[in-house]
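Undergrad: Sequence plus the predicted model coming up.
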Amino acid sequence: MLTQDQILAAVPHVLDTVNLDGFGDKRAGKVRDMYMTGGARVLITTDRISAFDRVVGLVPFKGQVLNQLSAWWFDQTRDLVNNHVIDVPDPNVTVAREAEALPVEVIVRGYITGVTSTSLWTLYAAGDRQPYGISLPDGLQKNDALPTPIITPTTKATGGAHDERLTRDQIISTGLVEQSLWEQIERTALAIFARGQAVARQAGLLLVDTKYEFGLIGGQLALIDEIHTPDSSRYWTAESYGTGAEPENYDKEFVRKWFVAQGYRGDGVQPPLTPEFVAQAAGLYIAAYERLTGSTFVPGAQPAADRIARNLAPYREKTL
């Protein structure tokens, strides 16, 4: 694990965004930049960190953790589904196949938790026993393990709008996804989640819930975007679960909780990130990587656009 001093030494060099001349259309997202080149996508995971649907700051090494951890998870699930990865030529960069993204985000939940208006626990506590069209038994308490993991699909949020809840019947009846393909997605998502839970359990963590994005490559189902990272999944430490207190998060919820503790809810002027918080957040991301993979996180070269461009040079004009 890097020390606090080593993390803080990287603060002036964190990667916010990057401009690559000649790499086609650039699309800047909350936590990554994307370029089109030669029939492939270049995904550059930055150190931006977001909460409350807003970009709120930079955390050293976060981009490298997300990029490398997601690539590691793709290797762990390759026998379950194809994915879009062609190469990971840089600690911050993935070269990915073009994919036709499906218009549904697949959320798999193993526990009943959450505080937002669309969260499973909020709906259940309000008396909804069939949230997302799925029947749940009476008597569940907040943070209980569900009898079996369930899929709570949503639309893909656009233009700052929140995701809308979907049911299986809505997805099929409206033609968002054809029935046989949706059934394949359900089987695949639950299998990936089970693999993730098993790996997390060995690491002393609980995989609580996660988001998967699927697409089609050559007409075949493929997993796209990142998977099982602290940004795309919720993890609790096993030792903190069931103690009567709120479980300890090993994910982006740590960031949200810090901002809430400072009185910030996503509106108004955000509080400045303190060096102590930045070091804590970076340490959490790195610790999640190390616990899950069983490997020591070794940071790559300090993020810089010119170095990334050099590493991507072989892909610039190549059709992949």
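TA: Received, thanks.
Undergrad: which ones are touching the closest residue to residue 77 other than its chain neighbours?
TA: Spatial nearest neighbour of residue 77, excluding adjacent residues (Cβ to Cβ, 6 or more residues apart in numbering): residue 192 at 5.2 Å. To be clear about C-beta, it is placed using only N, CA and C from the backbone, and glycine gets the same treatment. By Cβ atoms under 8 Å, 6 or more residues apart in numbering, the contact list for residue 192 reads 77, 80-81, 108, 212, 223, 227.
Undergrad: Against residue 83, how distant is residue 192?
TA: 10 Å (Cβ to Cβ, to the nearest Å).
Undergrad: how about low-confidence regions in the stretch 51-200 of the chain?
TA: For the stretch 51-200 of the chain, the stretches flagged by pLDDT under 70 are 157-163.
Undergrad: That one: helices as residue ranges?
TA: 62-76, 120-125, 168-173, 179-202 (DSSP state H, counting those that start in this stretch).
Undergrad: List the residues that contact residue 136.
TA: Taking Cβ under 8 Å, 6+ apart as the test, what residue 136 contacts is 112, 124, 129-130, 146.
Undergrad: Quick one: buried ones out of those?
TA: 112, 124, 146 (16 or more other Cβ atoms under 10 Å).
Undergrad: okay, and the common contacts of residue 192 and residue 83?
TA: 77, 223.
Undergrad: Residue 259 belongs to a helix, doesn't it?
TA: Yes - according to DSSP: H, G, I helix; E, B strand; the rest coil, residue 259 belongs to a helix.
Undergrad: On the pLDDT front, check residue 305 for me.
TA: For residue 305, the model assigns a pLDDT of 89.
Undergrad: Make a markdown table out of the buried ones among the contacts of residue 136 and add distance to residue 58.
TA: Listed next are the buried ones among the contacts of residue 136 as a markdown table, based on distance: Cβ to Cβ, whole Å:
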| residue | distance to residue 58 |
| --- | --- |
| 112 | 33 |
| 124 | 36 |
| 146 | 36 |
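Undergrad: Need the phi and psi values for the residue most central in space within the chain.
TA: Using Cα atoms, centre = their mean, the residue of the chain that lies closest to the mean C-alpha position is residue 232, 1.9 Å off. With angles defined as degrees, to the nearest 10, residue 232 sits at phi -100, psi -10.
Undergrad: Begin at 12, not 1, for the rest of this chat.
TA: Sure thing, new numbering starts at 12, so read that last one as residue 243.
Undergrad: Tell me how far it lies from residue 37.
TA: Where residue 37 is concerned, residue 243 sits at a distance of 22 Å (Cβ to Cβ).
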